[in-house]
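Chemist: A structural model of the following input is requested.
(one chain, ligands or ions: 2)
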Amino acid sequence: MTLQLGFIGFGQMAQAMAKGFNQKEHPPFTLHASSIDFDALTAHATPLNVQPISSNQQLVDQCDWIILAVKPDQVEGVLNDIDVASFENKGVISIASGITLDQLKQRLPKSTSILTMIPNTPVCVGEGILMCQEDTTFTQEDLTQFKDVFSHLGTIHFANGDAFKSLATLSGCGPAFVAMVIEAMADGMVKYGAPRDLAYQIASQTIKGTAQMQLDTNTHPGVLKDQVTSPGGTTIKGVAALEEKGMRHAFISAMDGILDH
Ligand SMILES: NC(=O)C1=CN([C@@H]2O[C@H](COP(=O)(O)OP(=O)(O)OC[C@H]3O[C@@H](n4cnc5c(N)ncnc54)[C@H](O)[C@@H]3O)[C@@H](O)[C@H]2O)C=CC1
Ligand SMILES: O=C(O)[C@@H]1CCC=N1
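Modeler: Ligands and ions are numbered 1, 2, ... in the order given. Modelled structure (predicted):
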């Protein structure tokens, strides 16, 4: 039977996931979504082959797996408005940052399978990361089906504790940091006369190509840097300038800013 997959909340992240799912030609699942404003939901969902549903309760009744895709502080309100018994024998996948398995276990029936994960926006082009908590009540069978369905969105990783926190923080927030780097690199080119559109393309492709090279060869990033920095050459001058401006420390500080509060 076709898996009925439903999003509660259809904002940035749910839409990114729906776009990624749309890349699959004959998906073994059907997508549904509910949200607050039905007209806005319909406008966003229909082009993505997602069936808009007028209430969260109806969505839960109709779906096998429910993706909680509202803001973390909206989760409580969503669960309050749904008859908890309707989650019996269903799967719940929470993408709400900071909402834990234990919190959900306290609110949902014992028979509900729960997985918590942090996806990132590149899921929309099938190049995302789904950082999942190892601590889950999904059975092995559920996990096999989960990997089958969600691998269309990118790579799936499992971790626990501090490793999960830091990996999910970098993968979840990282697209914003990388987009800032792309913008900054392009500004540098525009300063010296490059057309802006081309500057974005060159910056993005340089990042994509370098990242692909690292992933394919597993070469230490320092070695990749050394391959470009010939003695007395141009690159080392740029590297020295970045170090002077504290580039590495800025990235570590970004993680401190999020995790060290
Ligand atoms: N945006 C991102 O890059 C990432 C977001 N997340 C998580 O995903 C979740 C959603 O984030 P975004 O999509 O960025 O937020 P968003 O604000 O764009 O989307 C949330 C949606 O939920 C809807 N909503 C609010 N209350 C509702 C209710 N009671 N019933 C049904 N729908 C309701 C809103 O109308 C909105 O469309 C958050 O918990 C966030 O922590 C996780 C990883 C990355
Ligand atoms: O900043 C946010 O709200 C979300 C959570 C994880 C990534 N972005």
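Chemist: excluding chain neighbours, what is closest to residue 236?
Modeler: Nearest residue to residue 236 in three dimensions, chain neighbours excluded: residue 229, at 4.5 Å (Cβ to Cβ, 6 or more residues apart in numbering). Every C-beta, even on glycine, is put in place using the N, C-alpha and C of the backbone.
Chemist: can you list the domain ranges for this structure.
Modeler: 3-159, 167-260 (the TED database).
Chemist: how far is the longest one from where the chain is centred?
Modeler: Spelled out, that is domain 3-159. 12 Å (Cα atoms, centre = their mean, to the nearest Å).
Chemist: distance of the nearest residue to residue 70 once chain neighbours are set aside relative to residue 183?
Modeler: Spatially, and ignoring its direct neighbours in sequence, residue 70 is nearest to residue 9 (3.6 Å; Cβ to Cβ, 6+ apart). To residue 183, residue 9 is 28 Å away according to Cβ to Cβ, to the nearest Å.
Chemist: who has more neighbours, those two?
Modeler: Using other Cβ atoms under 10 Å, the more surrounded residue of residue 9 and residue 183 is residue 9, with 23 against 12.
Chemist: the more buried one and residue 74 touch, don't they?
Modeler: Yes: with contact defined as Cβ atoms under 8 Å, residue 9 counts as touching residue 74 (7.1 Å).
Chemist: what score does residue 26 have for pLDDT?
Modeler: With respect to pLDDT, residue 26 scores 83.
Chemist: and it, what does it touch?
Modeler: Residues counted as contacts of residue 26 (Cβ atoms under 8 Å, 6 or more residues apart in numbering): none.
Chemist: phi and psi next, for it.
Modeler: phi -120, psi 80 (degrees, to the nearest 10).
Chemist: where does pLDDT dip in the stretch 51-200 of the chain?
Modeler: Of all residues in the stretch 51-200 of the chain, none has pLDDT under 70.
Chemist: what residues does it have near ligand 2?
Modeler: The stretch 51-200 of the chain comes close to ligand 2 at residues 97, 118, 172-173, as judged by Cβ under 6 Å from any ligand atom.
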